[in-house]
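A.B. asks: return atomic coordinates for the entry below.
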Amino acid sequence: MEFVALDFETANADISSICQIGLVHFKDGTLQEEWKAYVDPEDFFDEINISIHGIDENTVKGAPNLRDISSRICSYLDNRIAICHTHFDRVALHKACEKYSLRMPTCTWLDSARITRRTWDQCAYKGYGLGNVCAILGYQFVQHDALEDAKAAAHVLLAAIEKTGIDLQGWLKRVKQPIDPSVSNISREGNPDGFLYGEVLVFTGTLEVTRREAADMVANTGCAVATGVTKNTTIVVVGDVDARKLAPGQVKYAKHRKAEKLIAQGYPIKIYRESDFKALILAENE
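C.D. replies: Sure, this is the predicted structure:
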């Protein structure tokens, strides 16, 4: 059994703005190697991101950019199983490789959040975030440090294998099946077997499609679509045409600003550009 778990931190709402990488290589349940590096995203740092991970322009001063370390990333991931908790890191790497015209590693991706939902009943439809799962398992780590998060994702996988008896190859098949294989229940308002079930999504800004079309697009992912940002919101999608409002000194939409205030208060809300969120959904369907 061999796999690599990884995690990225980003500088701003552009998912390609990778500023830190953490990676761990496991074989037969034993840690073989670990790697953590700061990365110059060649982009600005948003205050909300800095408040989450503590990384800013000074931290990455003199650090390599993604192009400089891409061959090392590929050397770890090529022809291996890559573990990440949710598809965020997979899509971040994909978008960053597009940005620098680099090839994606030839690995097989496995989402430890989907494994979590099929292993622990209390996490099947909510509470499957990395911090909560590790709290349940009694695993302590410093969240939002890329290496610590990568180790935590690896720990979740190993704990799931021990609990269920399903090996790594078995999990590659199991995550494609319903959470409860005996139930087939697809609802237009939120497919309970969708990989984003339990998420509450709010759109803001001008989208490439109508809001109705956008809501239809995410229905099968399991997302509930709300009209306003509240403490229950978990995802905010900002229209690409308003991406300029993500830059320093520009005015952001009220929903975007409210989401950032809640993030600063500790609420686990992710902010995506429309194209990045679409890429996340496409990655799931590959």
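A.B. asks: show me where the stretch 51-200 of the chain has strands.
C.D. replies: Per DSSP state E, counting those that start in this stretch, the stretch 51-200 of the chain carries strands over the ranges 81-84, 108-111, 200-204.
A.B. asks: with only the CA atoms kept, save the second one in PDB.
C.D. replies: Put plainly, it is strand 108-111. Extracted in PDB, the C-alpha atoms of strand 108-111 (Å, rounded to 0.1, in the frame of the first residue of the first chain):
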ATOM      1  CA  THR A 108      -4.900   8.800  -9.300                       C
ATOM      2  CA  TRP A 109      -6.800  11.100  -7.000                       C
ATOM      3  CA  LEU A 110      -8.700   9.900  -3.900                       C
ATOM      4  CA  ASP A 111     -10.700  12.300  -1.700                       C
END
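A.B. asks: how about the helices in the stretch 51-200 of the chain?
C.D. replies: 66-77, 88-99, 112-117, 130-137, 146-164, 168-174 (DSSP state H, counting those that start in this stretch).
A.B. asks: who wins for proximity to Val238 among these?
C.D. replies: In terms of CB to CB, the element of the helices of the stretch 51-200 of the chain nearest to Val238 is helix 88-99, at 14.9 Å. In short, each C-beta sits where N, CA and C put it, glycine included.
A.B. asks: angle of that closest one against helix 146-164?
C.D. replies: Per axes from the mean of the first three to the mean of the last three CA atoms, to 10 degrees, the angle that helix 88-99 makes with helix 146-164 is 130 degrees.
A.B. asks: for helix 88-99, the averaged confidence score.
C.D. replies: For helix 88-99, mean pLDDT rounds to 94.
A.B. asks: mind listing what's buried in it?
C.D. replies: In terms of neighbour count (16 or more other CB atoms under 10 Å), helix 88-99 has its buried residues at 88-97, 99.
A.B. asks: can I get those in JSON lines with distance to Gln143?
C.D. replies: Shown next, in JSON lines, are those (distance: CB to CB, whole Å):
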{"residue": "Phe88", "distance to Gln143": "14"}
{"residue": "Asp89", "distance to Gln143": "14"}
{"residue": "Arg90", "distance to Gln143": "19"}
{"residue": "Val91", "distance to Gln143": "20"}
{"residue": "Ala92", "distance to Gln143": "17"}
{"residue": "Leu93", "distance to Gln143": "20"}
{"residue": "His94", "distance to Gln143": "23"}
{"residue": "Lys95", "distance to Gln143": "23"}
{"residue": "Ala96", "distance to Gln143": "22"}
{"residue": "Cys97", "distance to Gln143": "26"}
{"residue": "Lys99", "distance to Gln143": "26"}
